[in-house]
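A.B. asks: 3D, please:
(chains A, B, C and D)
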2 protein chains.
Amino acid sequence: MNGGVRMTSEARRKSILAAAIAIFGSRGYVGTTTDEVARAAGVSQTYVVRLFGTKEKLFLAAHEHVVERILEAFRDAVHGESTRGRSERMGTAYIELLADRGLHLTLHHAFLLGGDPVIGEAARKQFARVWRFLREEAELSVEEARDFLARGMLVNTLVGLRLIDDYGTDPAVTEVFRACFPADVRDIAERLPRVGDAW
Amino acid sequence: MNGGVRMTSEARRKSILAAAIAIFGSRGYVGTTTDEVARAAGVSQTYVVRLFGTKEKLFLAAHEHVVERILEAFRDAVHGESTRGRSERMGTAYIELLADRGLHLTLHHAFLLGGDPVIGEAARKQFARVWRFLREEAELSVEEARDFLARGMLVNTLVGLRLIDDYGTDPAVTEVFRACFPADVRDIAERLPRVGDAW
DNA sequence: ATTGCTTGTAATCAGCTGATGACATCACGG
DNA sequence: CCGTGATGTCATCAGCTGATTACAAGCAAT
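C.D. replies: Okay, here's the model as predicted:
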């Protein structure tokens, strides 16, 4: 180790996972190198591979962690409240999760990996799990669940495009942005990853 | 050349572009090799690079082609008709475009490349162009345009996930699928790319 | 302090991939 | 029939990347 501290492998796994989510979200599965994740986490490339086995397993772990975190936030949002307004509260919770760098985009990258025999299988399972949550736990109707998901996918798209860069400059972009983000969380949204960001 | 025919470079460009869209859609920008595109188009890897300059320029050409085609389909869908029902007609047109292998997913991959200095810039420009089309030419309200786009992103997600594989098996997946695809185009949707597909 | 387990790195490598440059083949006008 | 431009391939290569192996260093208990 260099200047780093010695950790339990469990703590190290967590810190590597956080780095992996940030970078997978930015560069995608194929575009991410285990070395970049390692440097972001302050360990050697070989150690990342050792702790997680393969890059594929690292991605699967990151992906699962992301879904857990999102469902957890959704649960908090609908907890104990009346049925009305659940979509809106979950929507706000979803936007607030943007503070977790790479969360939404790691998920979204997984959505495009359906053709991968291993990751695709996992991604479909997790997607179905989210749908069941919306229908059963959040008690949304089919149409509500569909529209909620759709809105989420659009948010992911805007984030992935780094469209915030043109917010305030291009009128069309400003309009989309205002239409997709509730006014009370716009300040959070404005602290989104930008083009010039390291990741 | 091997068993292939000699073409004008213009015709060759078109056939390479079609192959590129199919494969970029399946594997993404980073995950696609120029060699795979070349073999799908029946030419050598070096010729693909020669005709388009770089892999990046090939992707940009594919991406632009995709957007042109989609806007063209949207234009046909709204052409001369009353304002009412335009979203639905464009939605149907969008689903029918699924017959063009890789079209939607090449677009969607570009949405996740916002961090790329070259491709991201182009992707944002094209996205803004689509939004302006929806607002100005298709004359949708801000909310209609947003909801239309959102639905499109959800469709892209289902396609990218190859979720059709679980249609009819997993009740949750069957439900999502029915909620997102109009009944009259479901047969088209059911001929979507599957997990086992070559691309 | 010696043993043994955990945390971690350095060295290395085989395979892949985009790109370059030299060369081959075809069509066609004069 | 010959020259010239266009269409295309083959050989090659440098750079990157995930993974393996060997090795080092710290901690804990006997």
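
A.B. asks: all helices for chain A, in order.
C.D. replies: Counting by DSSP state H, chain A has these helices, from start to end: A:9-31, A:34-41, A:45-52, A:55-78, A:86-96, A:103-111, A:119-132, A:142-160, A:171-180, A:186-189.

A.B. asks: Please identify the most buried of those helices.
C.D. replies: Each of the helices of chain A was scored by mean neighbour count; the highest is helix A:103-111, a mean of 26, by mean count of other Cβ atoms under 10 Å in any protein chain shown. Using the backbone N, CA and C atoms, a C-beta is placed for each residue, glycine as well.

A.B. asks: Are that helix and DNA strand D in contact anywhere?
C.D. replies: No: Helix A:103-111 lies out of reach of DNA strand D by Cβ under 7 Å from any atom of the strand, never closer than 13.9 Å.

A.B. asks: For A:Met90, give me its contacts.
C.D. replies: Residues in contact with A:Met90 (Cβ atoms under 8 Å, 6 or more residues apart in numbering or on different chains) are A:Ala73, A:Phe74, A:Ala77, A:Val78, A:Ala138, A:Phe148.

A.B. asks: ok, A:His63 touching A:Glu121?
C.D. replies: No: the criterion here is Cβ atoms under 8 Å, and A:His63 misses it with A:Glu121 at 11.5 Å.

A.B. asks: want to throw the helices of chain A into CSV with mean pLDDT and distance to B:Arg191?
C.D. replies: Listed next are these as CSV, based on pLDDT from 0 to 100; distance: least, Cβ to Cβ, whole Å:
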stretch, mean pLDDT, distance to B:Arg191
helix A:9-31, 98, 27
helix A:34-41, 98, 38
helix A:45-52, 98, 37
helix A:55-78, 98, 28
helix A:86-96, 95, 32
helix A:103-111, 98, 20
helix A:119-132, 98, 18
helix A:142-160, 98, 22
helix A:171-180, 95, 32
helix A:186-189, 82, 38
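
A.B. asks: Find the nearest non-adjacent residue to A:Ala40, please.
C.D. replies: Nearest residue to A:Ala40 in three dimensions, chain neighbours excluded: A:Ala19, at 3.9 Å (Cβ to Cβ, 6 or more residues apart in numbering or on different chains).

A.B. asks: How many neighbouring residues does A:Ala99 have?
C.D. replies: Using other Cβ atoms under 10 Å in any protein chain shown, A:Ala99 has 10 neighbouring residues.

A.B. asks: Tell me the spacing between A:Arg50 and B:Phe181.
C.D. replies: 45 Å (Cβ to Cβ, to the nearest Å).

A.B. asks: So which bits of chain A are right by DNA strand C?
C.D. replies: Looking at DNA strand C, the residues of chain A close enough under Cβ under 7 Å from any atom of the strand are A:1-2, A:4-10, A:12, A:42-44, A:46-47, A:50.

A.B. asks: how about these, which pair is most distant?
C.D. replies: Largest separation among those by Cβ to Cβ: A:Asn2 and A:Glu10, giving 20.9 Å.

A.B. asks: Contact partners for the spatially closest residue to A:Val142 that is not a sequence neighbour?
C.D. replies: Using Cβ to Cβ, 6+ apart and skipping the chain neighbours, the partner closest in space to A:Val142 is B:Ala179 (5.0 Å). When contacts are counted by Cβ under 8 Å, 6+ apart, B:Ala179 touches A:Val142, A:Glu143, A:Ala145, A:Arg146.

A.B. asks: Closest one to A:Phe111 out of the residues you listed, please.
C.D. replies: A:Arg146 (15.5 Å).

A.B. asks: thought that closest one was touching B:Cys180?
C.D. replies: Yes: look at A:Arg146 against B:Cys180 with Cβ under 8 Å: they come within range, at 6.2 Å.

A.B. asks: Overlap in contacts, those two.
C.D. replies: Listed contacts common to A:Arg146 and B:Cys180 are B:Leu154; contacts here mean Cβ under 8 Å, 6+ apart.

A.B. asks: surely A:Leu71 meets A:Arg132?
C.D. replies: No: at 10.3 Å, A:Leu71 does not count as touching A:Arg132 under the criterion of Cβ under 8 Å.

A.B. asks: State the distance from A:Leu161 to DNA strand D.
C.D. replies: 23 Å (Cβ to the nearest atom of the strand, to the nearest Å).

A.B. asks: scratch that, A:Val130 is what I was asking about
C.D. replies: Applying Cβ to the nearest atom of the strand to A:Val130 and DNA strand D gives a distance of 27 Å.

A.B. asks: got it, and A:Gly4?
C.D. replies: A:Gly4 sits 11 Å away from DNA strand D, going by Cβ to the nearest atom of the strand.

A.B. asks: so what pLDDT did that residue get?
C.D. replies: Here the pLDDT value assigned to A:Gly4 is 70.

A.B. asks: if I look at it, how far off is A:Leu112?
C.D. replies: Separation of A:Gly4 from A:Leu112 (Cβ to Cβ): 34 Å.

A.B. asks: Between those two, point out the one with more neighbours.
C.D. replies: Of the pair A:Gly4 and A:Leu112, A:Leu112 is the one with more neighbours under other Cβ under 10 Å, namely 28 against 12.
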